[in-house]
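Colleague: Sequence below, structure please.
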Amino acid sequence: MTAVISRGIEGPVAFHVANNVLFGVVDTVMADGEAYAIDRSTDSGDAALLVLGAVTIAMVVLVWLCERRARATSAD
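Modeller: Sure thing, here's the model as predicted:
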């Protein structure tokens, strides 16, 4: 979605890397020093996934707003 909005692949790739790092940090902090497993089965999500989901939605909105502003200034 962000690749289409931004008309490029660089932003989405950078966001993917940052999202993976954030996921690792959030899971490590929320695991209280214990080992954590990434469970992708149904109904396995916890609060960490809500944080990451909110960050993803915020990033898409931010990219959309920036691109909208850039198109408006280039049309003037």
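Colleague: in the longest helix belonging to the chain, what's buried?
Modeller: Longest helix in the chain by number of residues, with DSSP state H as the criterion: helix 47-75. Buried residues in helix 47-75, defined by neighbour count with 16 or more other CB atoms under 10 Å: 48, 52, 55, 59, 63, 67. (C-beta placed from N, C-alpha, C; glycine too.)
Colleague: ok, now stretch 25-33?
Modeller: Buried-residue list, stretch 25-33, by 16+ other CB under 10 Å: 26-27.
Colleague: Please put the alpha-carbon coordinates of it into PDB.
Modeller: Taking Å, rounded to 0.1, in the frame of the first residue of the first chain, the C-alpha atoms of stretch 25-33 are listed here in PDB:
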ATOM      1  CA  VAL A  25      12.300  -4.900  20.900                       C
ATOM      2  CA  VAL A  26       8.600  -4.800  22.000                       C
ATOM      3  CA  ASP A  27       8.400  -8.600  22.300                       C
ATOM      4  CA  THR A  28      11.700  -8.700  24.300                       C
ATOM      5  CA  VAL A  29      10.500  -6.000  26.700                       C
ATOM      6  CA  MET A  30       7.000  -7.600  27.100                       C
ATOM      7  CA  ALA A  31       8.500 -11.000  27.700                       C
ATOM      8  CA  ASP A  32      10.300  -9.800  30.800                       C
ATOM      9  CA  GLY A  33      13.600 -11.300  29.900                       C
END
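Colleague: pLDDT averaged over that stretch - what is it?
Modeller: On average, the pLDDT along stretch 25-33 is 76.
Colleague: which ones are touching residue 50?
Modeller: With contact set as CB atoms under 8 Å, 6 or more residues apart in numbering, residue 50 has no partners.
Colleague: got the angle between the helix or strand that residue 26 is a member of and helix 47-75?
Modeller: Using DSSP states H and E, residue 26 sits within helix 10-30. On the basis of axes from the mean of the first three to the mean of the last three CA atoms, to 10 degrees, helix 10-30 is oriented at 160 degrees to helix 47-75.
Colleague: for helix 10-30, which positions count as buried?
Modeller: For helix 10-30, a neighbour-count test (16+ other CB under 10 Å) marks 11-12, 15, 22-23, 26-27 as buried.
Colleague: Which of those sits closest to residue 72?
Modeller: residue 11 (18.7 Å; CB to CB).
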